[in-house]
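Peer 1: My questions concern the predicted model and sequence given below.
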Amino acid sequence: MRTPIFELSAVSYRYHASIPAIEGISLSIQSGESLAILGANGSGKSTLLHMLDGLIFPSSGVVRAFGDVLTEDKLETDAFRHFFRSRVGFVFQNPDIQLFCPKVYDEIAFGPLQLGLPEGEVVKRVDDVLEMLGISSLKDRTPNQLSGGEKKRVAIASVLSLNPLVLLMDEPTSSLDLRTRHWLIGLISELRKAGKTIITTTHDISLVKRISSRVIVLGEDHSLIADGTPPEIITDHDLLHQANIIHEHEPDTFGYAQQTRRSV
């Protein structure tokens, strides 16, 4: 049996030791999965994603990554930090949080340089990603000269230059124009075909069936309330209403017939 990339056992997290963000979540994520984390605003989606990236750590419970317990002390060791950061990339919802270098080229080169890759390999990776994402013309611009969609592309490029096995994306289509949204959905499809593990948070049901093979739902009590395929989840109006993702009387507009809920 394969070791999951991530395995969470009864994981909870509380801000300031008292404010619940996620509660008692147990979850395994396998290599090559495309997982959508669906939930209303404030349900804990971003908190869960930050935990998978080792940006925060459980108040209780255990998170394992690639078979090892993921802790702050573990990530402070050079060997594991290099191993983990070269395999897991995070794209923040707001690219302004992620972009800090004076030029786009420097932004994309930053990650590979931090991993200590040879200069020639860094240049190749940056050039390849610039071409793949169609942003070579932006390489000498500063981030404040970019549109919102261009910033999103550069933020994604800065992660893809690491060539990670796992891509974590927090509300990736938020505030995007239609053209950039379509481009991003196409990119995610290509990354899925390449065998990447993609974990995405969203409250956009129309996005779920286009980018994911599996969906989990977080309730407003911050717990995991369902785990299934996109057709099973997005046609279950009782579940979606319970999670405050749709209105009680919203019609079925998602292209599937009503099905029985599959809860965890």
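Peer 2: Sure, I can see it.

Peer 1: What strand or helix carries Asp127?
Peer 2: According to DSSP states H and E, Asp127 maps onto helix 119-132.

Peer 1: what's the distance between that helix and the middle of its chain?
Peer 2: How far helix 119-132 lies from its chain's middle: 23 Å, per CA atoms, centre = their mean, to the nearest Å.

Peer 1: what do you get for stretch 97-106?
Peer 2: With CA atoms, centre = their mean, you get 20 Å for stretch 97-106.

Peer 1: Tell me which stretches of the stretch 101-250 of the chain form strands.
Peer 2: 166-170, 197-202, 214-218, 224-228 (DSSP state E, counting those that start in this stretch).

Peer 1: Residues contacting the first one, please?
Peer 2: Translated: strand 166-170. For strand 166-170, the surrounding residues in contact (CB atoms under 8 Å, 6 or more residues apart in numbering) are 5, 45-46, 49, 52-53, 87-93, 159-160, 188, 191, 196-201. Placement of C-beta: from N, CA and C, glycine included.

Peer 1: that older thread, may I see the strands of the stretch 101-250 of the chain arranged in JSON lines, with mean neighbour count and mean pLDDT as well?
Peer 2: Below are the strands of the stretch 101-250 of the chain laid out as JSON lines (neighbours: other CB atoms under 10 Å; pLDDT from 0 to 100):
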{"stretch": "strand 166-170", "mean neighbour count": "23", "mean pLDDT": "96"}
{"stretch": "strand 197-202", "mean neighbour count": "24", "mean pLDDT": "95"}
{"stretch": "strand 214-218", "mean neighbour count": "24", "mean pLDDT": "97"}
{"stretch": "strand 224-228", "mean neighbour count": "20", "mean pLDDT": "97"}
